[in-house]
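Engineer: Sharing a model prediction with you, sequence too.
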Amino acid sequence: AAAADNAAAATSIIDGISISDNYGVIKDKHADDKSDLTVILIQDLHCNYDAQMSIYKILNNLIKQNNINFVAIEGCVGRLDTAPFCNYPDEEIKDFVSKQFLKSGVINGAAYAHIMSKGSFAFRGADDRKLHKENLDVLRNSFTPKSENQAFCYNIRSILDEFKQKVYNRRLFDLEKQLKLYTEDKIPFSEFSVYLNNLIDEYKIDKTPYKNFNNLVAILALEKEIDFTAVDAQRAKCVETLSKRLKAKSPELKKLNDTSLSFKEAKISSAEFYSYLKDTAEQIKRIDFNKDYPELAKYINYILLYNDIDHMALFDEINQIQEAIKEKLFARDIERSIDKLSRNIEVFKSLAELKMTTRTLGYYRKHRSEFLASNFVNFITENAPKYKIKYTLDPAFRKVDAQLPQLEKFYALALERDKALLNNTISSMDEAKVKTSVLVAGGFHTDGITEMLKEKGISYLIITPKINELDEKNNPYTAMVIGKRTPFEELLYKQALKTKQENPEAYVFQTKAKYLADVNKSIKEQNRK
């Protein structure tokens, strides 16, 4: 009975959560009957302003629509107090100051939500202090040799590109050229996908394992068929027709109005709204949906196909498709060797820049010996003369192997923190006597945390925030990690030390906040005059 109650409660909570396309997507969900707890995991992209604003909106939605009142975050420990900012009397100034800190990476989307909602939910840090500090120390130490690692990757990649030009057969080189155009954003993803699909057909490769890619191809085909200008008109006509044919003051008519309003106010996703609209229309016998609203019907199919795509799995499938095509195109073993080394140098680059996913980390650990500099150098020195390839090895290759243990330690600690993040969240939930919580943690932690949630029999839902712009050059994450201060912050920090403040960092934060608030208040007063 308890198991049935747990499963019913979890299903009710998870199915009751809806996220607007404007804020993010529900990536995965799982209802379990072994526990009465549910964890909503939001994947964080640290210090990206778009991601943080989306997280803020997602949390607002969960708090207002689903009565969620407990949020835990990575990177902090214990109870988090935003009271000095929550209670600031001028909402406009409070919002301005909070956004300035959000843009500079001083606070995240969850803290912004807590401040702007006047502390309406319990706010906790879920990290382990010791592990987090060790992880940060390794991260800071990795910035010193980063340029050497990048120089090594760039050097090896450029030499391997020379090999491809001299060694690859025409069809294989054409595939490589298209891949390079795609990765350098010179052709759109859609064009590259169509190119791959044509090769799949040409070489009669089995499409069955690639569900997400097949959906993508169907979506691209539908895009050419749909008259998008007619969709809005047909949707309005469909809603109007349903309003007339549903009984006045009936629950069905109320639901139609409520669902339409929720869609307009971005409270539900497009897939939810259009699925409901089509299902409701098809229940009325006098409406032939496909005949009466042909463009809307195609558009709904388009939306549902898109909603069914697992984007992480899609990119895995695209990599698998490329490998399957290459196997058809390889004519000599040396082509395979060049391809393998090219893949490995990209994995090494992601390792050196600390941008690995759990999947690439798994590949690296399985093939670790292949990432030693000697593997790349020996291949080049042995084969370059055969193909008359001129090259110069960057001296950085002599140093990169020594950095591997430090880089590996970073990921070992990050994986160790998966357990701490989840266990601390659950402990805090027990302490607060809540059954449902939100955990905001970096995307790298997703696989480890979800695996443990399954092991513990805890229900979960994973949300990926919407990101319109991935601006890595202006991302303040590095500055935050190494503790780099602006000249103004450095001045405040020295003042804190001089006046023997108990917490210099807090003094800098609060003094800067007051300064920004005073400046904004002064500007507002001048504008009124």
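Structural biologist: Yes, it's here.

Engineer: Val138 reaches Leu413, doesn't it?
Structural biologist: Yes: proximity of Val138 to Leu413 meets the contact threshold set by CB atoms under 8 Å, at 6.5 Å. Every C-beta, even on glycine, is put in place using the N, C-alpha and C of the backbone.

Engineer: In the helix or strand that contains Asp201, which residues are buried?
Structural biologist: Element membership for Asp201 (DSSP states H and E) is helix 189-202. Neighbour counts using 16 or more other CB atoms under 10 Å place 192-193, 195-197, 199-200 of helix 189-202 among the buried residues.

Engineer: Report the distance from that helix to the chain centre.
Structural biologist: Mean C-alpha position of helix 189-202 versus that of the full chain (CA atoms, centre = their mean, to the nearest Å) differs by 25 Å.

Engineer: did I read that right, Ala221 in a helix?
Structural biologist: Yes: counting by DSSP: H, G, I helix; E, B strand; the rest coil, one finds Ala221 located in a helix.

Engineer: Contacts only, for Leu361.
Structural biologist: For Leu361, the contacting residues are Tyr411, by CB atoms under 8 Å, 6 or more residues apart in numbering.

Engineer: Return the distance of it relative to Ser342.
Structural biologist: 19 Å (CB to CB, to the nearest Å).

Engineer: got it, and His367?
Structural biologist: Taking CB to CB, one finds His367 at 14 Å from Ser342.

Engineer: between these two, who's got more neighbours?
Structural biologist: Per other CB atoms under 10 Å, whichever of His367 and Ser342 has more neighbours is Ser342, with 18 against 14.

Engineer: can you pull the contacts of the residue lying closest to that one once chain neighbours are set aside?
Structural biologist: Closest residue to Ser342 apart from its sequence neighbours, by CB to CB, 6 or more residues apart in numbering: Leu160 at 5.2 Å. By CB under 8 Å, 6+ apart, Leu160 lies in contact with 338, 341-342, 345.

Engineer: Where is the longest helix in the protein?
Structural biologist: Counting by DSSP state H, the longest helix found in the chain is helix 400-432.

Engineer: Can you spell out which helices and strands pack onto that helix?
Structural biologist: Applying 3 or more CB pairs under 8 Å, 6 or more residues apart in numbering; DSSP states H and E, we find helix 400-432 packed against strand 70-73, strand 122-126, helix 129-142, helix 146-167, helix 333-352, helix 373-383, strand 436-442, helix 446-456.

Engineer: by contact count, what packs against the third one?
Structural biologist: What it means is helix 129-142. Against helix 129-142 (3+ CB pairs under 8 Å, 6+ apart) you get helix 400-432, helix 477-481.

Engineer: Out of those, which is the most enclosed?
Structural biologist: Greatest average neighbour count among the helices and strands packed on helix 129-142 goes to helix 400-432 (a mean of 18), per mean count of other CB atoms under 10 Å.

Engineer: ok now that one, how far from the chain's centre?
Structural biologist: 18 Å.

Engineer: now that helix against strand 122-126, angle please.
Structural biologist: Interaxial angle, helix 400-432 versus strand 122-126 (axes from the mean of the first three to the mean of the last three CA atoms, to 10 degrees): 150 degrees.

Engineer: what angle sits between helix 400-432 and helix 146-167?
Structural biologist: Angle between the axes of helix 400-432 and helix 146-167 is 120 degrees (criterion: the same axes, to 10 degrees).

Engineer: I'd like to check the angle between helix 400-432 and strand 436-442, please.
Structural biologist: Using the same axes, to 10 degrees: helix 400-432 against strand 436-442 is 160 degrees.

Engineer: Would you mind checking which of the contacts of Leu160 is nearest to Asn212?
Structural biologist: Nearest to Asn212 among those: Ser342, at 24.6 Å, using CB to CB.

Engineer: Contact partners for that closest one?
Structural biologist: By CB under 8 Å, 6+ apart, the contact list for Ser342 reads 157, 160, 164.

Engineer: Same check on Arg124?
Structural biologist: With contact taken as CB under 8 Å, 6+ apart, Arg124 is in contact with 70-73, 76, 78-80, 424-425, 428.

Engineer: Relative to Glu162, how far out is Tyr387?
Structural biologist: Using CB to CB, Tyr387 is found at 8 Å from Glu162.

Engineer: before we move on, back to that, which one of the buried residues of helix 189-202 is nearest to Lys29?
Structural biologist: Once CB to CB is applied, the member of the buried residues of helix 189-202 that ends up nearest Lys29 is Ser193, at 26.7 Å.
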